[in-house]
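[1] coords please:
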Amino acid sequence: MSTRPIGDHALLSDCRSAALVTSDGSVDWLCLPRFDSPAIFARLLDEDAGHWSIRPLTGPVDISRRYIEHTLVLETVFRTAGGTAVLRDALALGRRERGHALGTASPGTLLRQITCTEGRVDIEIAYAPRPEFGLVHPLLSAVRGGLAAYGGAHVVLLSSPVDLRVSGSTAHGRIPLSAGQRLGFALHAVPAWEGESVGWRAGRIRHRMSDTVKGWRSWSKLHRGYVGPWQDEVAHSGRVLRALTFAPTGAIVAAATTSLPEKTGGTRNWDYRYTWVRDASFTLQALATAACEKEKNLFFGFLARAAATQLDRGADLQIMYGIGGERDLSERLLPHLTGWRNSGPVRIGNDAWRQRQLDVYGELLDAAHECFPPGERLDPTTRAFLVQAADAAARRWTEPDQGIWEGRGPSKHFLHSKLMCWVALDRAITMAPALQAHERVPHWRHERDTVRQAIEEHGWSPRSGAFTQAFGSDELDASALMLPIVGFLPPQDPRVQSTVLAVATQLTDRNGLVRRYLGDEIEEAEGTFLLCTFWFAHALALTGHVVRARQVFRSALAHANDVGLLAEETDPATGEALGNYPQAFSHIGLINAARAIRDAGQQPPWQGIEDRSPP
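    Sure, this is the predicted structure:
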């Protein structure tokens, strides 16, 4: 089984696919040519599922690492008794790709470059490609300029400047490096029926590594709009969102991995390498802060294309799509993999695509509201689609669904789902001129007001002193923090303040992090959610508790790893990262909360719950 901490990994991306690299120089996750492709290296999920390590042969070794400034090119420094070596890792961007073009023509190539900067360091290489999530143990064969791995639908080609010793499906090498010496490697995969070519010589690898650094820096230079607290963290989170973007379509994956659990040894192990409509409005708000209009428009355009015609046929709007716009994401198990720390089963695909989640209408309309300036003319197809989404919210808000957390138990009348139907109608009314839907406004307004009445009557629990998870329930849910964030109620409303206080006292652990909810039909404990913690900070800022909001924000930020990446959850006992990784939603929450804290700090203080009982 794999035991390496999830947070020990750094992300590489070419804006089409992703790799994860451990702190001691092992690539333990790589999917090519897309985020959702079968993994070539998957030791993250099973010790025998493939890896590629480059590291000093003997210890002790002092290791430090960082992303080269304003990039996602990783630099790991190994300091030994005999000398120092620097390892650079990157997924190559297309030649001379700059700014918004990142990922347009990425070659699907992993670059690795090890340089001895002082003294002498003996380097050990272990190369074990295992295509199709470790199912294929390929035949390794020496070819001119490197190694070819045969087996399955692809040939994996490794360009290597040194001869590696092959044993079965694994290759090894030991190479002494003296100060000034450098080795460069490149790996890519081609369909088995195409011609083979390694051919990445040292000069080409060096040039493309440098070009990739320039590409990331050019993108970062265009995205410096946010000025305020945690400016560097916001900028870095913007790069992470770009790294999780599939450039050909503009889709953003929820995470780069599958089946990393919400609890060590647990069974809630899902595939997150897809795009959720649920994330849309939050994502666009984050992109507006940390990125720019270009990314916003590409992402919304993807959603509109992927969902086209579903509402025409009277079907529910699907909650998630493949990164190319695929709709069928049927789930299956990979029984040959043990899972991270024996947390099985390992799944690919995600059957949540079949679920009904009524909140998607609100996220979609809120995204459109965020994306299109007032008065902008929309094309007829987009107009019709958004009108259909608003009508669907008006028609279906009374029905039960699975809710934002995608529970696989019975449907319920979740408060968050009703709230987002209210958002759908509220934003549609505001956008009515652009939608050319003036005649529908009276109906939308009536339904919006009816939803509000239902939420205020059935979503509030006098016993809990808070808005709760579902109508008629006393159970708390962190998603109730969205009430002031989306503008349903003003932050000064006593019920909002009481809900924030309830979250502070009942859902927050001793580390200052927030759980999604208490209790679950699966009866399986889980970690605290970083997104919910950032929501909490966001809501505190809105309700006037800027000092406390900063404290909560810092508590969440403290769980970023050494290169600034956030997981989905953290273990309350150990602080270890849990869940799929790195998690786009966590970085989105960071960006939006930082902006809210900055903006709240510029407002005059007013009396709130902090005066009588600090959260």
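
[2] Sheet partners, orientation included, of the top strand by length along the chain?
    As assigned by DSSP state E, the longest strand anywhere in the chain is strand 109-128. For strand 109-128, the pairing partners within the sheet under DSSP bridges are strand 51-56 (antiparallel), strand 83-91 (antiparallel), strand 170-178 (antiparallel), strand 182-191 (antiparallel).

[3] I404 is nearest to which of those?
    Closest to I404 of the strands paired with strand 109-128 is strand 83-91 (CB to CB; 31.9 Å). No exception for glycine: its C-beta is placed from N, CA and C like everyone else's.

[4] Just give the nearest non-adjacent residue to L507, would you?
    Distance criterion CB to CB, 6 or more residues apart in numbering; nearest residue to L507, sequence neighbours excluded, is R515 at 4.8 Å.

[5] returning to what we had before: of the strands paired with strand 109-128, which is nearest D232?
    Judging the strands paired with strand 109-128 by CB to CB, what sits closest to D232 is strand 83-91, at 20.7 Å.

[6] Quick check: mean pLDDT of the closest one?
    Mean per-residue pLDDT for strand 83-91: 98.

[7] and what of stretch 193-202?
    81.

[8] Kindly export it (C-alpha atoms) in PDB.
    Listed next in PDB are the C-alpha coordinates belonging to stretch 193-202 (Å, rounded to 0.1, in the frame of the first residue of the first chain):
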ATOM      1  CA  TRP A 193       0.200   2.300 -33.500                       C
ATOM      2  CA  GLU A 194       2.200   5.500 -34.100                       C
ATOM      3  CA  GLY A 195       5.900   5.800 -34.800                       C
ATOM      4  CA  GLU A 196       8.300   5.800 -31.800                       C
ATOM      5  CA  SER A 197      10.600   8.700 -31.200                       C
ATOM      6  CA  VAL A 198      12.500   9.600 -28.100                       C
ATOM      7  CA  GLY A 199      14.800  12.300 -29.500                       C
ATOM      8  CA  TRP A 200      14.700  14.800 -26.600                       C
ATOM      9  CA  ARG A 201      18.400  15.700 -26.300                       C
ATOM     10  CA  ALA A 202      20.000  17.700 -23.500                       C
END
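
[9] before we move on, the earlier item: got JSON lines for the strands paired with strand 109-128, with mean neighbour count and distance to R395 too?
    Below are the strands paired with strand 109-128 laid out as JSON lines (neighbours: other CB atoms under 10 Å; distance: least, CB to CB, whole Å):
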{"stretch": "strand 51-56", "mean neighbour count": "24", "distance to R395": "51"}
{"stretch": "strand 83-91", "mean neighbour count": "23", "distance to R395": "45"}
{"stretch": "strand 170-178", "mean neighbour count": "16", "distance to R395": "58"}
{"stretch": "strand 182-191", "mean neighbour count": "21", "distance to R395": "46"}
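
[10] Turn those into TSV, including distance to R598.
    Converted to TSV, the strands paired with strand 109-128 look like this (distance: least, CB to CB, whole Å):
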stretch	distance to R598
strand 51-56	41
strand 83-91	32
strand 170-178	47
strand 182-191	42
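
[11] K418 is nearest to which of the ones you listed?
    When the strands paired with strand 109-128 are compared by CB to CB, strand 83-91 sits nearest K418, at 42.1 Å.

[12] Which strands and helices lie in contact with the lengthiest helix in the chain?
    If you go by DSSP state H, the chain has its longest helix at helix 202-221. For helix 202-221, the elements it packs on are strand 83-91, strand 109-128, strand 182-191, helix 231-243, judged by 3 or more CB pairs under 8 Å, 6 or more residues apart in numbering; DSSP states H and E.

[13] What lies in contact with that helix?
    Helix 202-221 is contacted from outside by 68-73, 88, 90-100, 102, 109, 111, 113, 159, 161, 182-186, 235, 239, 242, using CB atoms under 8 Å, 6 or more residues apart in numbering.
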